[in-house]
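**Student:** Using only what follows, build the 3D model:
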Amino acid sequence: MASRPGFFRRLADKATPSREEVLESRWLKPFGKSIRRSDLWRFTRRSVPRGVAGGLFVGIFLMIPGLQIVGAALLSIPLRANIPIAAAMTFLSNPATTPLFLIAAIALGNKLGFHADLAAFQALYSSGAGARRWLEWLLSDAAPAMITGLFLIALVSALVGYAVSIVVWRWWVSRKWRRRVRPELFQHIH
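**Tutor:** Presented below is the predicted three-dimensional model:
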C-alpha cells in the first residue's frame, strides 16, 4: 500500500511554484546555471531552514508581489537554501497581512526616532489612493520609518523562522525514524 504524502509535503506542493515555473521567470533566466543547481531544489536539514529564513526575510522586506519570489530565489543561491521553501515563505506577506506588516513597521520606525504619520497611511489605504499619492507620502519622513521597521521585522521573522524550522525538521525526522523502528505503534494512524 502506497503511503500518502504528509501534511507539510502536500502544503508545500500546493503553495510553491514548480521548478519549471520558477526557472521560466524572465527575471531569473539570466541566472540560468546558478539557479538550476540541484542542491537548491533538495529538501535537506540545512537547506530548508535557510529557505525559510530567506523567504521570510524577502517576503516581508520586499513588499512587491512577483518580485518576492524572484528575490527569494536569488537570495537562495548564496545562502544555499531550498528555493521552493523560500518561494513558499514569501506568501506570508499577502493582501491580508501586508497592511499589518506596514503598520507595525511604521510604528516600530517611529519608536526608533523617525516620524511617519500613521493616520495618513491609514487614510491612503482606506481611500484606495493612487501611486502618486503613495509616492508623495513615502517621500516624506515615512520612508525611513517604514524601511527600518520592515527590515527589523523581516530580520526577526527570518531568525525565528530559521529556529522553528530546525525544530520542526528534527521532530519530523525523528518521527519518521520511530515509525521505521516500531511501525506497530503507528499502524492505527492512516
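**Student:** For the rest of this, base every contact and every neighbour count on C-alpha atoms.
**Tutor:** Fine.
**Student:** Return the set of buried residues in the helix or strand where Leu74 lies.
**Tutor:** In this structure, Leu74 sits in helix 67-79 according to DSSP states H and E. For helix 67-79, burial by neighbour count (16 or more other Cα atoms under 10 Å) applies to Gln68, Ile69, Val70, Gly71, Ala72, Ala73, Leu74, Leu75, Ser76, Ile77.
**Student:** same thing with stretch 55-71?
**Tutor:** Buried residues in stretch 55-71 (16+ other Cα under 10 Å): 55-63, 68-71.
**Student:** As JSON lines, those residues with pLDDT would be great.
**Tutor:** Below are these laid out as JSON lines (pLDDT from 0 to 100):
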{"residue": "Gly55", "pLDDT": "96"}
{"residue": "Leu56", "pLDDT": "97"}
{"residue": "Phe57", "pLDDT": "97"}
{"residue": "Val58", "pLDDT": "97"}
{"residue": "Gly59", "pLDDT": "95"}
{"residue": "Ile60", "pLDDT": "96"}
{"residue": "Phe61", "pLDDT": "95"}
{"residue": "Leu62", "pLDDT": "91"}
{"residue": "Met63", "pLDDT": "86"}
{"residue": "Gln68", "pLDDT": "92"}
{"residue": "Ile69", "pLDDT": "88"}
{"residue": "Val70", "pLDDT": "88"}
{"residue": "Gly71", "pLDDT": "92"}
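**Student:** now, among those, which is nearest to Gln122?
**Tutor:** Gln122 lies nearest to Met63 out of the buried residues of stretch 55-71, by Cα to Cα, at 16.9 Å.
**Student:** Please list all residues in contact with that closest one.
**Tutor:** Applying Cα atoms under 8 Å, 6 or more residues apart in numbering to Met63 gives the contacts Ser93, Thr98.
**Student:** Now do the SS call for it.
**Tutor:** Secondary structure state of Met63, per DSSP: H, G, I helix; E, B strand; the rest coil, is coil.
**Student:** Could you do Gly113 as well?
**Tutor:** Gly113 ends up coil, using three-state DSSP.
**Student:** is it true that Leu108 touches Gly149?
**Tutor:** Yes: with contact defined as Cα atoms under 8 Å, Leu108 reaches Gly149; the gap is 5.2 Å.
**Student:** buried residues in the helix ranked longest in the chain?
**Tutor:** Identified as the longest helix of the chain according to DSSP state H is helix 143-181. Applying a neighbour-count criterion of 16+ other Cα under 10 Å, the buried positions in helix 143-181 are 143-155, 157-159, 161-163, 165-166, 169.
**Student:** So for Arg9, what pLDDT did the model give?
**Tutor:** Per-residue confidence at Arg9 stands at 63 (pLDDT).
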